[in-house]
Every structure is written in structure tokens, then in C-alpha cells.
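Undergrad: this one's sequence-less:
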């Protein structure tokens, strides 16, 4: 768990690389979240998407894809792509040496999956070079993940959860 000061520094460090990624790929919206669903950076989100819901769902998808990768003997999952009728979504995980991050990119026909994936790989390389990400600790313990995910859901849903 990061302190508020650590989180503020990390948010500042991630803003530039994510902004550059959006500019290079022409994706419409992008977020970076950690494995517990904590929103770390966002670019281009509109009212049509509740960014905190996207963050929580990305963390859940990461946990599920990681479990499936383990079950199939894969070292880790590389990306998930969903093709909609007008918009596409790419989820990509980044192991940074201490903290797993997940990119959620939403794009349309103004760019291609190939471009989005190419620059997603480059974004991952840039993120692995940020020393502050190496000390965050990866959420690998199931009970800790569940606790943090429940906290994220409560944050998103308020009193309804």
C-alpha cells in the first residue's frame, strides 16, 4: 500500500508517459491502474465511462487473466483485446519489478490494434524504467488482493456495496 505522498509522486511520473502514449496511438481514452484497482493516471476519459469502474474492472480482469495464465502454464498474460462495433479496448499488464500496472486503452477506427499494441509495448518499457514503481509491491497474496478489491468496490459503489 502506498502513502499519499508516494501516490502523488507516482501520479506525476505517470502523467507524461501516458499522455505521450495517447498522442502517439490516437487512442480516445487510456488509464493506468495498479493490480488493486487504484487509478494512477488517466487521459481522455469522457462522461460515457465511469473511470473508477473501469479501474476496478481492469484489476479484476488482471487477476482472472493471471490465474488463467498460471493454470495453462503461461508465464503471464500479455494483453486482452475486445473488438466492439464502434470501439475497441486493449488491456495490457506491465510487471515493473515491484508493482503490476494495467493499461486500459479504448480506441476506434482512427488507429489500429497493431499501432496500439506497438506503443503499449513501448509504454511498458518506459514504465519499467521508473524506479518508484519497483518498491510498490505486487499484489500476489489472494487475501490482500481481495481486501483491496473490496475496498475499491466500496469506493466505487458507496453505500450500495
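TA: Now that the structure is in, tell me what you want to look at. This structure is a prediction, so every number in the text was calculated from the model and none was measured.
Undergrad: may I ask which helix or strand encompasses the residue nearest the centre of the chain?
TA: Among the residues of the chain, residue 102 comes closest to the average C-alpha position under Cα atoms, centre = their mean, at 2.3 Å. Using DSSP states H and E, residue 102 sits in strand 100-107.
Undergrad: now for that strand, which elements pack on it?
TA: Where contact means 3 or more Cβ pairs under 8 Å, 6 or more residues apart in numbering; DSSP states H and E, strand 100-107 is packed against helix 4-25, strand 29-34, helix 51-71, strand 88-95, helix 113-128. In short, each C-beta sits where N, CA and C put it, glycine included.
Undergrad: pick the most buried one from these.
TA: Ranked by mean neighbour count under mean count of other Cβ atoms under 10 Å, the helices and strands packed on strand 100-107 are led by strand 29-34, which reaches a mean of 25.
Undergrad: elements contacting it?
TA: Using 3+ Cβ pairs under 8 Å, 6+ apart, strand 29-34 sits against helix 4-25, strand 39-43, helix 51-71, strand 100-107.
Undergrad: now this structure, which segments are flagged as low pLDDT?
TA: Counting by pLDDT under 70, the ranges of the chain that qualify are 1-2, 46-48, 135-161.
Undergrad: try 50
TA: Along the chain, segments meeting pLDDT under 50 span 136-141, 161.
Undergrad: residue 33: what's it in contact with?
TA: Listed by Cβ atoms under 8 Å, 6 or more residues apart in numbering, the contact set of residue 33 reads 39-40, 55, 58-59, 101-102, 104.
Undergrad: redo that, cut-off 7 Å
TA: 39-40, 55, 58-59, 101-102 (Cβ atoms under 7 Å, 6 or more residues apart in numbering).
Undergrad: go on, residue 71?
TA: By Cβ under 7 Å, 6+ apart, no residues touch residue 71.
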